[in-house]
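K.L.:
Build the 3D model from these lines:
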Amino acid sequence: MRRRRRRLTRRAFVAAAGGLGGALLLPGLREAQASPPPGLRESALSMLVDTTRCIGCRACVRACGRANRLTAAPGPADDPGPGLRQATAWNRWTTVNREGPDDGPPVFVKRQCLHCLEPACASVCPVGALHQTDLGPVIYRAERCIGCRYCMVACPFDVPRFEWDNGLTPVISKCQFCFQDRLLQGLQPACAEACPTGALKFGSRADLLFEAHARIHARPERYHPDVYGEDEAGGTTWLYLSATPFDRLGFRTDLERGPLPSLTWMVIARIPAVAGTLAVLFGLLATGLKREERES
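P.N.:
Got it, this is the predicted structure:
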């Protein structure tokens, strides 16, 4: 007797997908719930951006493009204009935007991922594709990404970008802080090395905050009294000085001072149990379906 060929039913497909989804999600969810490394607020590798020293040459943008093998790195005349608020495009991880009032001198602002001390993007990633290292930088691991784009929704600074040109292979683009190729080799990020005016300074967060406040104290007529990134969204490792109030330069000033992941972890903490239960349920359904097919 010839064996009956089993058909792939919708129930079997759902069962397989549910079991596989549970298996894939659980490791990432456990990792996403991990707390930031202790002492990171002071020791995290950070960058101080002094917009009063930036001349808009975009040497940092070109250096970033070369160091990370990106395309479409702009030349000096490639000004995206004051209307651009996005920090990155999928083929550009940093931009230098011309900001400020139309009737005043231009203010050039470098934008990229701010590498939050407690990153919301990593807290919502169900597979751990976005990961905060022990040194502070938040890196992206493409081999884990499933293209859910939760990170794009969670980021308060609207940074992560999805590569829409190739929907079959999900790719999220954001600044990696030159972590693998430079920081781990004892080098500073490419953008800081290329800056000709000292607008970018690399170091530990505690040292850079000390210097930022020292500059403000020494030249109060030159600087706005706040350091952007000191407390916004729980604090970031990219810190900004400016002569102009930050809300006039396109910065978000309506953010909570506390870390955003504390809101998401309360929800994420319940997901592993739900995913595990669904995986078991779908597995039982698949077993019942197989038994039914054998009996028929």
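K.L.:
Surely residue 172 is in contact with residue 145?
P.N.:
Yes. When contacts are counted by CB atoms under 8 Å, residue 172 is listed as touching residue 145 (6.1 Å). For the C-beta atoms, the positions are set from N, CA and C on the backbone; glycine is no exception.
K.L.:
Pick out whichever of the two has more residues nearby.
P.N.:
Using other CB atoms under 10 Å, the more surrounded residue of residue 172 and residue 145 is residue 172, with 23 against 20.
K.L.:
Contact partners for the closest residue to the more buried one other than its chain neighbours?
P.N.:
For residue 172, ignoring the flanking residues on the chain, the nearest one in space by CB to CB, 6 or more residues apart in numbering is residue 160 at 5.0 Å. By CB atoms under 8 Å, 6 or more residues apart in numbering, residue 160 lies in contact with 88, 113, 121, 130, 149, 151, 152, 172, 173, 174.
K.L.:
and if you look at residue 224?
P.N.:
Contact analysis of residue 224 by CB under 8 Å, 6+ apart lists 241, 242, 243, 244, 245, 246.
K.L.:
hmm, 10 Å instead?
P.N.:
51, 52, 216, 240, 241, 242, 243, 244, 245, 246, 248, 249 (CB atoms under 10 Å, 6 or more residues apart in numbering).
K.L.:
doesn't residue 231 make contact with residue 255?
P.N.:
Yes. The pair residue 255 and residue 231 passes the contact test of CB atoms under 10 Å, sitting 8.9 Å apart.
K.L.:
element containing the closest residue to residue 106 other than its chain neighbours?
P.N.:
Leaving out its chain neighbours, the residue that sits closest to residue 106 by CB to CB, 6+ apart is residue 98, at 5.0 Å. For residue 98, the host element (DSSP states H and E) is strand 95-99.
K.L.:
and after that strand, which helix or strand comes next?
P.N.:
Heading C-terminal from strand 95-99 (DSSP H and E), you reach strand 107-111.
K.L.:
So which other helices or strands are in contact with that next one?
P.N.:
Judged by 3 or more CB pairs under 10 Å, 6 or more residues apart in numbering; DSSP states H and E, strand 107-111 is in contact with strand 45-50, helix 59-67, strand 95-99, strand 238-241.
K.L.:
Remind me what the first one packs against, helices and strands.
P.N.:
If I follow you right, that is strand 45-50. Packed next to strand 45-50, using 3+ CB pairs under 10 Å, 6+ apart, are strand 107-111, helix 190-194, strand 200-204, helix 205-218, strand 238-241.
K.L.:
Just the pLDDT at residue 34, thanks.
P.N.:
pLDDT for residue 34: 49.
K.L.:
what about the stretch 1-150 of the chain, any weak spots by pLDDT?
P.N.:
1-38, 71-91 (pLDDT under 70).
K.L.:
Show me where it has its helices.
P.N.:
Per DSSP state H, counting those that start in this stretch, the stretch 1-150 of the chain carries helices over the ranges 10-32, 40-43, 59-67, 120-124, 150-154.
K.L.:
same thing with the stretch 151-296 of the chain?
P.N.:
Along the stretch 151-296 of the chain, the segments classed as helices by DSSP H, counting those that start in this stretch run 190-194, 205-218, 261-268, 271-295.
K.L.:
Least reliable of these by average pLDDT, please.
P.N.:
Across the helices of the stretch 151-296 of the chain, the lowest-scoring stretch is helix 261-268, with a mean of 54.
K.L.:
how does this protein divide into domains?
P.N.:
Using automatic domain parsing, the domain parsing of the chain gives 10-32+269-295, 40-266.
K.L.:
Highest mean neighbour count out of the ones you listed?
P.N.:
Sort those by mean neighbour count, taking mean count of other CB atoms under 10 Å, and domain 40-266 sits at the top with a mean of 18.
K.L.:
mind checking the end-to-end distance for stretch 99-115?
P.N.:
22 Å (CA to CA, to the nearest Å).
K.L.:
Sorry, slip of the keys, the one I care about is stretch 230-242.
P.N.:
End-to-end for stretch 230-242, by CA to CA: 13 Å.
K.L.:
how near is residue 107 to residue 113?
P.N.:
21 Å (CB to CB, to the nearest Å).
K.L.:
same deal with residue 120?
P.N.:
12 Å.
K.L.:
so what's in contact with the two at the same time?
P.N.:
Joint contacts of residue 120 and residue 113 (CB under 10 Å, 6+ apart) are 155, 157.
K.L.:
In terms of pLDDT, where does residue 189 sit?
P.N.:
98.
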